[in-house]
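In: can you look at this prediction? I've put the sequence above it.
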Amino acid sequence: MRPMTPETPHPHAVEVVSTSPDRPMAERIRVLETTRPALAPTQVRIGMLAMNILPADLLQMNGQYGHQPELPYVPGHEGVAVVLETGSEVADLQPGERVLPIGVFGVWSDELVVQRRSLVPVPSDANVLQQAMLAANPATAWVLLQHQVTLQPDQWVIQNAANSAVGQCTRQLAAHLGIPLINVVRRPEAVASDEGGHWLVHDGQDPDSLQHSVHQITQGEPVVLGLDAIGGKASQALAASLSPQGRLVLYGLLSGEPCSISAHDLIFRNINVQGFWLANWFSHPDNRQKAKTVYPALMALAAQNVLRMSVEKVYELSDVLEAIAHSAQAGRQGKVLLKGAHFQSQQA
């Protein structure tokens, strides 16, 4: 099938050549020109529109992620693309349609070739930047709220890092679903009091004080689910704020420290602690049917403007070093994105 538009003369991609944190990032990544391989019958050539910079991408570049690809590799787990060309056996996608590459690695590229089964069609008249952030953080928030415990109307959820991307999605989804939520942040300026839920400023160093503050908010109603993006001592504080038999789900590594939980909470209050990685959840056979419902639900909520994530800045792919440095800065007010060569043609 003929391409949608004249081909970009020289598609480029980011390449990671070292994951040693002792070396400057400028020596560890580069932007290089790529080739266009021929399509197999079931493959699709896509042009990337916008790509998210996730904590997972940064961890992987430092050799600290759960999966480390062989060097050199093209990074990137999340973005939105436009179909450029389809293989001879792909009949249900046409050039010009917009798609989410799901479970596709290496999206920090102008173009790439993927299997048809990895692409989820999305509306072509929606906001490109919002769609570029739909696959990871909103899906994580949705699964954490919908598929960890069965929440009753009087049961509370508490989360730390409530101003993070996942935290923002969790706030929006909890408000939409009517789930009472407590948001914990470490700095007063991180409080977004105009958004849903109750807010607490707490550094996670004093579990007793957080437990007391939570009890004042809930008036003794059960706090059954804690969502921990930080680890370290913050885990202990969050666990202490849960009601007996509550569940603490550790899904992030922001502190870089081992998760710390009081033996008292584990033994006498029967607090359940588990780790969560979205990729593992999707791949587990028991979640197969539930997994099929996640992205349709999120796309519907995005269309209703229930889900909307903040964007601080969008960088050209050639400015990836500056974009990575910006993404790693504390106190950002939104996500940092990259844009591919086909961004201008599809911007909504």
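Out: Structure received.
In: CA atoms for contacts and neighbours, from now on please.
Out: OK.
In: for the stretch 151-300 of the chain, which segments count as strands?
Out: With strands called from DSSP state E, counting those that start in this stretch, the stretch 151-300 of the chain shows them at 156-159, 181-185, 198-201, 223-228, 247-250, 272-275.
In: any idea how far Ala302 lies from Val128?
Out: 12 Å (Cα to Cα, to the nearest Å).
In: more crowded one of these two?
Out: The neighbour comparison of Ala302 against Val128 (other Cα atoms under 10 Å) goes to Val128, with 22 against 19.
In: ok, the more buried one to Asp286 distance?
Out: From Val128 over to Asp286 (counting by Cα to Cα), the distance is 32 Å.
In: so, low pLDDT: which residues of this protein?
Out: 1-8, 193-196, 346-348 (pLDDT under 70).
In: pull the longest strand from it.
Out: As assigned by DSSP state E, the longest strand anywhere in the chain is strand 43-52.
In: give me the sheet partners of that strand and which way each runs.
Out: strand 79-86 (antiparallel), strand 111-115 (antiparallel), strand 335-339 (antiparallel) (DSSP bridges).
In: using TSV, please lay out those strands together with mean neighbour count and distance to Arg247.
Out: Shown next, in TSV, are those (neighbours: other Cα atoms under 10 Å; distance: least, Cα to Cα, whole Å):
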stretch	mean neighbour count	distance to Arg247
strand 79-86	28	31
strand 111-115	21	38
strand 335-339	24	29
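In: and Ala26, which of the ones you listed is closest to it?
Out: strand 335-339 (17.0 Å; Cα to Cα).
In: convert the C-alpha atoms of stretch 69-80 to CSV, please.
Out: Extracted in CSV, the C-alpha atoms of stretch 69-80 (Å, rounded to 0.1, in the frame of the first residue of the first chain):
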residue,chain,number,x,y,z
PRO,A,69,17.4,-4.6,26.8
GLU,A,70,20.6,-5.4,25.1
LEU,A,71,22.7,-2.4,24.1
PRO,A,72,22.4,-0.5,21.9
TYR,A,73,18.7,0.0,22.0
VAL,A,74,16.0,2.6,21.1
PRO,A,75,14.1,3.7,24.3
GLY,A,76,10.5,4.6,24.8
HIS,A,77,7.4,2.8,26.0
GLU,A,78,4.6,5.1,25.2
GLY,A,79,3.3,7.4,22.5
VAL,A,80,0.8,7.9,19.7
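In: list of residues touching that stretch?
Out: Residues outside stretch 69-80 that contact it (Cα atoms under 8 Å, 6 or more residues apart in numbering) are 13-18, 48-54, 57, 98-109, 128, 131-133, 135-136.
In: Val185 is in contact with His198, correct?
Out: No: with contacts counted by Cα atoms under 8 Å, His198 stays clear of Val185, the gap being 11.0 Å.
In: can you show me the helices along the stretch 151-300 of the chain?
Out: Per DSSP state H, counting those that start in this stretch, the stretch 151-300 of the chain carries helices over the ranges 165-177, 207-218, 233-241, 263-267, 278-283, 288-303.
In: in space, what's closest to the residue most central in space within the chain - neighbours in sequence excluded?
Out: Nearest to the mean C-alpha position of the chain, counting by Cα atoms, centre = their mean, stands Asn137 at 2.7 Å. Excluding its sequence neighbours, the residue lying closest to Asn137 (Cα to Cα, 6 or more residues apart in numbering) is Val166, at 4.9 Å.
In: hmm, Asp92 and Thr42 touching each other?
Out: No: with contact defined as Cα under 8 Å, Thr42 does not reach Asp92; the gap is 11.1 Å.
In: what about the two, which has more around it?
Out: Thr42 (15 against 8).
In: so what does the more buried one have for phi and psi?
Out: Backbone torsions of Thr42, given as degrees, to the nearest 10, read phi -100, psi 10.
In: rewinding a little: list the contacts of the residue nearest to the centre of the chain.
Out: Neighbouring residues of Asn137 by Cα under 8 Å, 6+ apart: Ala165, Val166, Cys169.
In: what of Gln131?
Out: By Cα under 8 Å, 6+ apart, Gln131 lies in contact with Gly79, Val80, Leu100.
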